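Q: Just need the structure, nothing else, for what follows:
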Amino acid sequence: MGKITIEKFLKNQFNALRNYNLIFYLKDKIGGLTSLIIFSISILAILSFSRIILLLWIPTRIISNEELLNVITGGIRIDISSIAFLMGISLPLLFITVFINKSVKYLKPILFIYLTAILAVFIFLEVITPSFILEFDSRPNRLFIEYLSNFKEISSMILSAYKLELIISIFFLLISFRISFLLFRRSFGVKPSLEKKYLSVLYISLFLLCILGYRGTMNHRPINPAMVSFSNDHLLNSLSINSFYSVAFALRQIYLETGSSDYYGNLNQEIIFNIVKKATLDESVNYQNDKNPLNIYHKATYEGRPKNIVILLQESLGARYIRALGGLPLSPELDKLMSEGWNLTNLFATGTRSARGIEAVITGFTPTTSRAVIKLDKSQQNFFTIANLLKSHNYHTQFIYGGESHFDNMKNFFLQNGFEDIYDIKRFDKIEYKGSWGASDEDLYNQAHRQFELLNKNDKPFFSLVFTSSNHSPYEFPDNKINLYDTKKNTRNNAAKYADYALGKFFKKAKNSDYWDNTIFMVVADHDSRTSGETIVPIDNFHIPALILGKGITEKQDNRLLSQIDIPPTLLSMAGISDFHPMIGHDFTKFIPKKKQRALMQYHKNFAYLTLDDIVFLRPNEKPFVIRNNKNNLSEQYLVKRAKSHALLGSFLYDNSLYH
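A: Numbering: from 1, shown residues only. Purely as a prediction, here's the structure:
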């Protein structure tokens, strides 16, 4: 009897599928949910078709099957994330109609308009993408949004120069409305035959899948453009996303780019540049380049064969963990190294996040109230980095990281701004210990050591940024490596001690290597691990270790007041790179008068300008707070203007694309 029942059931289902097409079958079972499924499949098909057409259109930019695969697979991931987000918004509204019949009358037009509008936007943006690529070599992005804000001028330009594109866009928009009417409208309001308890399970399951699809990964951060970036060619990275996602991401970036002037007030542009130039070591130089107002020629102290540069950026290693700087006894290896090299005992970080530290040591950019430039939209291309400069001097440039390099948008920023090679955990030859943030510091340094040995065999210098991660919550590191400082293993102090242990092991290898003789090593923290306090800016928590090592570097304890932004110009000078660049940081291979020694610190929306004689604190929409010891004769008004000029400089340069 059971067998007959099953056969009858299957026969009935077959007849249903035969007599009605699949859409009507789904509509009968799940009602309006059919519209969302059709919507998702339609968008995915449109985006995939568009991407394939674009790839066929620019075949010369694809140089390998691997690049082609990366564009397609990365694109599908971003497309699914986009669709899942949009579907997830509408699912709860549709779910209401399952239990409240009267709600259909009100929600039906809202959902129909929503799906129709989204489909139209997707189609429109994909249709205009080829024209945008021809003009800007990229998908619609921030520039697209900026042009929309000048509607009168842009509409005139479109009518005069892009008539065909306008006609095609309108044609496809009309098609999208017709498609919406056919696919979506008739699905709403149909009462599903599936029982409510099964429908509830289905809706909840789909919503959870949407969350997972939107994240696009099980890692710490959701999917982002950096996660699918793979090439130095920005157009290929751009094709890995869709135009809707590109514009939406640009909108979000613009929202997060609130400039310092919104918090501290404005200053005249001429005043800003005059004061900043006066505070540099090159104040006597005649600055005349309006397109790049701070770009002047910097002559290196060292004039021999260019040297390799290696920056070992230490995660969360504040001075409080370094005995030689008055901190806890957690750094026996670094303490010993500090007695062998150039120890910068009074250097301060520019911020409290890794992205801010990278910004300072790679670009020399001044901190702002906005996010660090490695995350901002307008700096993803043609933004100054020492990697770009060194690449122009025939250096091989690379980034080595034990985790996933898309974190904090590092990968995308680096690939578009001078870094040729990205070595993250996916490319490591061997990993003995893997924690939440990736390979241990020992594994990281082992990989770096192998890379340096290989690069040293080439007839060109190299620059490498090596970024550690073991000293980061949840403080995971291999067993039986150190004598624990705290009884419990996974603590901040023990992780700092392990990071020191791994650093010491690396330098034992490096000193016996072939690359030691012609390499400058910079050991510096990105920021302190705990930056807190009741003060406007807790200055003591910005104090970080910094040490320069290498053959021929004389041991010295340097007590001058220095900032993270002083590191990149100094390394260029020590490596023998004389060239133009826009960095205002001091080259501390040269004499720095006491009156010009300073440190810049951004703490949330508060800014501090620290000198040997005074501190000026800037706070949002409040009067500046000045502490001084009266050893100089500068007026308080000038001290505030000096601090304000440095606080506003970065935002002004970024907003006007002048840092290149």
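
Q: Quick one: low-confidence residue ranges for the stretch 351-500 of the chain.
A: Within the stretch 351-500 of the chain, no stretch falls below the threshold (pLDDT under 70).

Q: Show me the helices in it, by range?
A: For the stretch 351-500 of the chain, the helices defined by DSSP state H, counting those that start in this stretch cover 354-358, 386-392, 410-416, 441-456, 492-511.

Q: Now distance to Val71 too, for those, in CSV please.
A: Where C-beta positions appear, they are placed from N, C-alpha and C, glycine not excepted. Shown next, in CSV, are those (distance: least, CB to CB, whole Å):
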stretch, distance to Val71
helix 354-358, 27
helix 386-392, 24
helix 410-416, 14
helix 441-456, 27
helix 492-511, 36
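
Q: Quick one: mean pLDDT for the longest helix anywhere in the chain?
A: Ranked by number of residues, the top helix in the chain under DSSP state H is helix 65-99. Mean pLDDT, computed over helix 65-99, is 88.

Q: Packing partners of that helix?
A: helix 33-57, helix 104-136, helix 196-215, helix 234-239, helix 243-255 (3 or more CB pairs under 8 Å, 6 or more residues apart in numbering; DSSP states H and E).

Q: What backbone torsions are found at the closest residue to Gln597 other than its chain neighbours?
A: Leaving out its chain neighbours, the residue that sits closest to Gln597 by CB to CB, 6 or more residues apart in numbering is Leu561, at 4.0 Å. Backbone torsions of Leu561, given as degrees, to the nearest 10, read phi -80, psi 120.

Q: Check the contact between Leu561 and Leu344; I expect there is one.
A: No - using CB atoms under 8 Å, Leu561 is not in contact with Leu344, being 10.0 Å away.

Q: Mind putting the helices and strands packed on helix 65-99 into a markdown table with mean pLDDT, mean neighbour count and distance to Ser90?
A: Putting the helices and strands packed on helix 65-99 into a markdown table (pLDDT from 0 to 100; neighbours: other CB atoms under 10 Å; distance: least, CB to CB, whole Å) gives the following:
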| stretch | mean pLDDT | mean neighbour count | distance to Ser90 |
| --- | --- | --- | --- |
| helix 33-57 | 87 | 18 | 6 |
| helix 104-136 | 82 | 18 | 6 |
| helix 196-215 | 88 | 15 | 10 |
| helix 234-239 | 84 | 23 | 28 |
| helix 243-255 | 85 | 18 | 16 |
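
Q: Next, format these as CSV and append distance to Ala279.
A: Shown next, in CSV, are those (distance: least, CB to CB, whole Å):
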stretch, distance to Ala279
helix 33-57, 48
helix 104-136, 36
helix 196-215, 45
helix 234-239, 34
helix 243-255, 30
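
Q: Glu420: which of those is closest?
A: Nearest of these to Glu420, taken as CB to CB: helix 234-239 at 14.1 Å.

Q: Which parts of the stretch 351-500 of the chain are strands?
A: 396-401, 421-423, 434-435, 438-439, 462-467 (DSSP state E, counting those that start in this stretch).

Q: tell me what the first one is packed against?
A: Right, strand 396-401. Helices and strands touching strand 396-401, as assessed by 3+ CB pairs under 8 Å, 6+ apart, comprise helix 386-392, helix 410-416, strand 421-423, helix 441-456, strand 462-467.

Q: and of the helices and strands packed on helix 65-99, who's closest to Ala349?
A: Ala349 sits nearest to helix 243-255 of all the helices and strands packed on helix 65-99, at 24.0 Å, using CB to CB.

Q: so that closest one versus helix 65-99, what angle?
A: Interaxial angle of helix 243-255 relative to helix 65-99 (axes from the mean of the first three to the mean of the last three CA atoms, to 10 degrees): 80 degrees.

Q: Helix 243-255 versus helix 33-57: what angle between them?
A: Using the same axes, to 10 degrees: helix 243-255 against helix 33-57 is 90 degrees.

Q: And helix 243-255, what does it pack against?
A: Using 3+ CB pairs under 8 Å, 6+ apart, the elements in contact with helix 243-255 are helix 65-99, helix 104-136, helix 142-148.

Q: looking at those helices, which is closest to Pro593?
A: Nearest to Pro593, of the helices and strands packed on helix 243-255 and by CB to CB, is helix 142-148 at 40.9 Å.

Q: what about that closest one, distance to the chain center?
A: What separates the centre of helix 142-148 from the centre of its chain is 21 Å, taken as CA atoms, centre = their mean, to the nearest Å.

Q: quick one on the thing from earlier: got the buried residues for the longest helix of the chain?
A: Across helix 65-99, burial judged by 16 or more other CB atoms under 10 Å covers 67, 70-72, 74-88, 90-91, 94-95, 97-98.

Q: now swap in stretch 631-644 and tell me
A: For stretch 631-644, by 16+ other CB under 10 Å, it's Leu639, Val640, Lys641, Arg642, Ala643, Lys644.

Q: Go through the residues you listed and name the one nearest Asn382.
A: Relative to Asn382, the closest of the buried residues of stretch 631-644 is Lys644; by CB to CB it sits at 27.6 Å.

Q: right, and the closest one touches Asn266 too?
A: No - using CB under 8 Å, Lys644 makes no contact with Asn266, being 9.2 Å away.

Q: After whichever strand or helix holds Asn274, which helix or strand is next? Please name it.
A: Here Asn274 sits within helix 269-279, counting by DSSP states H and E. Downstream of helix 269-279, the next assigned helix or strand under DSSP H and E is strand 296-298.

Q: model confidence over that next one, on average?
A: Mean per-residue pLDDT for strand 296-298: 91.

Q: mind listing what's buried in it?
A: Buried, per 16+ other CB under 10 Å, within strand 296-298: Ile296, His298.

Q: now the angle between strand 462-467 and the next helix or strand after it, please.
A: Following strand 296-298 in sequence order, the next helix or strand is strand 308-314 (DSSP H and E). For strand 308-314 against strand 462-467, the angle by the same axes, to 10 degrees is 0 degrees.

Q: Wait, Asn559 touches Asn346, no?
A: Yes - using CB under 8 Å, Asn559 is in contact with Asn346, at 5.3 Å.

Q: Looking at the two, which has the bigger crowd around it?
A: Per other CB atoms under 10 Å, whichever of Asn559 and Asn346 has more neighbours is Asn346, with 17 against 10.
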